[in-house]
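*Asks:* A predicted structure for the sequence below; I have some questions about it.
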Amino acid sequence: MLRFEGKVALVTAGAQGIGAAVARRIAAEGGSVVVTDLQEDKIGELAEQLGNALAVRMDVTSREDVDAAVAAAVERFGRLDVLVNNAGGCIVTSVPEDTTDEDWHRQLDLTLVGAARCIQASLPHLVKTQGNVVTISSVNGIAAFGNIEYAAAKAGQIALTQNFAARYGNLGVRFNVVAPGTIRTPNWDSQPDILERFEKMYPLGRVGEPEDIAAAVAFLASADAAWITGHTLPVEGGVLTGPGQLDLSTTGHFRKDYPSAP
């Protein structure tokens, strides 16, 4: 399928994991891709592999960086059709009672405000192309899996998406969310034992792969989803339907020294 032929997508945090898989999927379906990240070497290599692609260093917490990246995308390709808000992460590791105001600001600025910055910069161009935004949230934004600050930021992305969808639907711009469960990304490379434990939480018997998320993003960003907006699509191996074989009381989700899922 060439669902993105003639289209241009900007993918944030595209150096590895989900972002890189999304960039590859859109390029494989005929799209031009602007890959942004702080890891310039990695996005440069990826852009070279993809061919019709551009690598731009961008920090989503910098308004200047975000504006410059969007401008570079339009200057290079003449248009912007898709924004994939993938940047974010769990940067607060303290238990909630120890979280400082600075911790809250850092988490929200990266994950929630960063997504809003990218939408604001892209919106004038998406209105012209009747394009769309897909934001990568998390099941943490839907149910209680711990990491409260991260979860709040991810839930905020869902509310952000719904409100943009309602406000700009009459202009033909769509906004949707993919909410992954635990995904096997390089962030887990130093903790393979934890991934093995998490597999038991999932009714489908495994954690997700970046390509699982890329497939969902490609659907929502394509014309196949032309009448879908304001929607949150969980891609989570069934974990939201109930736990698999794991006794959740033993996972230690809320211990300070143990990360939550996903």
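*Replies:* Cool, the structure landed. All figures in this text were calculated on a predicted structure; none of them were measured in a lab.

*Asks:* quick one: mean pLDDT over stretch 175-183.
*Replies:* The pLDDT scores in stretch 175-183 average 97.

*Asks:* can you name the element that comes right after whichever helix in the chain runs longest?
*Replies:* The longest helix of the chain (DSSP state H) is helix 148-168. Sequence-wise, the next helix or strand downstream of helix 148-168 (DSSP states H and E) is strand 174-180.

*Asks:* for the next helix or strand after that next one, list the C-alpha coordinates in PDB.
*Replies:* Toward the C-terminus, strand 174-180 is succeeded by helix 192-199 as the next helix or strand (DSSP H and E). Taking Å, rounded to 0.1, in the frame of the first residue of the first chain, the C-alpha atoms of helix 192-199 are listed here in PDB:
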ATOM      1  CA  PRO A 192      15.200  -7.500  30.200                       C
ATOM      2  CA  ASP A 193      14.100  -9.300  33.300                       C
ATOM      3  CA  ILE A 194      11.400  -6.700  33.900                       C
ATOM      4  CA  LEU A 195      10.100  -7.200  30.400                       C
ATOM      5  CA  GLU A 196       9.800 -10.900  31.000                       C
ATOM      6  CA  ARG A 197       7.700 -10.300  34.100                       C
ATOM      7  CA  PHE A 198       5.500  -7.800  32.300                       C
ATOM      8  CA  GLU A 199       4.800 -10.300  29.500                       C
END
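
*Asks:* and the helix or strand following helix 192-199, what does it pack against?
*Replies:* Where DSSP H and E defines the elements, the next helix or strand beyond helix 192-199 is helix 210-221. In this structure, helix 210-221 packs against helix 17-28, strand 82-85, strand 132-136, strand 174-180, strand 232-235, with contacts taken as 3 or more Cβ pairs under 8 Å, 6 or more residues apart in numbering; DSSP states H and E. Bear in mind the C-beta positions are built from the backbone N, C-alpha and C, glycine included.

*Asks:* tell me which of these lies nearest to Ala9.
*Replies:* strand 82-85 (3.8 Å; Cβ to Cβ).

*Asks:* report the next helix or strand after the closest one in sequence order.
*Replies:* Downstream of strand 82-85, the first helix or strand assigned by DSSP H and E is helix 101-108.

*Asks:* against Arg184, how distant is Val66?
*Replies:* Relative to Arg184, Val66 is positioned 29 Å away (criterion: Cβ to Cβ, to the nearest Å).
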